[in-house]
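*Asks:* got a structure for you, letters missing:
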């Protein structure tokens, strides 16, 4: 029993006895067949487009893989150059997998080296001893009496 509130499907009119008419069935069958052929052609077209898209994706994946290799080589070369051009910084302090990471670790390493250098300079300055013998200074005669001064001047000893 059809629901009167539901819309009827287009292309399938009903007769009062709820049985399709022979003429209507043949026309409807032809319409359905032509629609199926149209949809199959559309599916085939979409399959071709999908195959092309998948081919493009695989090409782009290869390009990305090659770019990743080149980037890794560039980063490695940059790191070697940074290590070579900054001999005061230990190689172990320069880390990172990207150019930005290497640059940041270089700055941190330079800061550490600067702090250590300042600490050593302060320590060296505090422990500095003049090189060689001390300067010769004349003997302080101010504490001697006049008689002792005369004896010292003559070269006599007491």
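*Replies:* Noted; the coordinates are in hand. A quick note: this is a predicted structure, and the numbers were derived from the prediction, not measured.

*Asks:* residues in contact with stretch 97-105: which ones?
*Replies:* 74, 75, 78, 79, 82, 93, 94, 95, 96 (CB atoms under 8 Å, 6 or more residues apart in numbering). All C-beta spots, glycine's among them, are computed from the backbone N, C-alpha and C.

*Asks:* buried ones in it, by neighbour count?
*Replies:* 102, 105 (16 or more other CB atoms under 10 Å).

*Asks:* pLDDT on that stretch, on average?
*Replies:* The pLDDT scores in stretch 97-105 average 93.

*Asks:* next secondary structure after the helix or strand where residue 125 lies?
*Replies:* Per DSSP states H and E: residue 125 is located in helix 99-126. The helix or strand immediately downstream of helix 99-126 is helix 146-154, counting by DSSP H and E.

*Asks:* ok, back up a step: buried ones among the contacts of stretch 97-105?
*Replies:* Neighbour counting by 16+ other CB under 10 Å classes 75, 79, 82, 94, 96 among the contacts of stretch 97-105 as buried.

*Asks:* from the residues you listed, which ones fall inside helices?
*Replies:* Residues of the buried ones among the contacts of stretch 97-105 located in helices (DSSP state H): 75, 79, 82.

*Asks:* re the thing from before, and the contacts of stretch 97-105 as TSV, adding distance to residue 116?
*Replies:* What follows is those, written out as TSV (distance: CB to CB, whole Å):
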residue	distance to residue 116
74	31
75	27
78	25
79	22
82	19
93	11
94	16
95	18
96	21
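
*Asks:* chain center to the least confident helix or strand in the chain by mean pLDDT: distance?
*Replies:* Scoring the helices and strands of the chain by mean pLDDT, DSSP states H and E places helix 146-154 at the bottom, with a mean of 88. Between the centre of helix 146-154 and the centre of its chain there are 85 Å (CA atoms, centre = their mean, to the nearest Å).

*Asks:* check stretch 137-150 too.
*Replies:* Using CA atoms, centre = their mean, the offset of stretch 137-150 from its chain centre is 79 Å.
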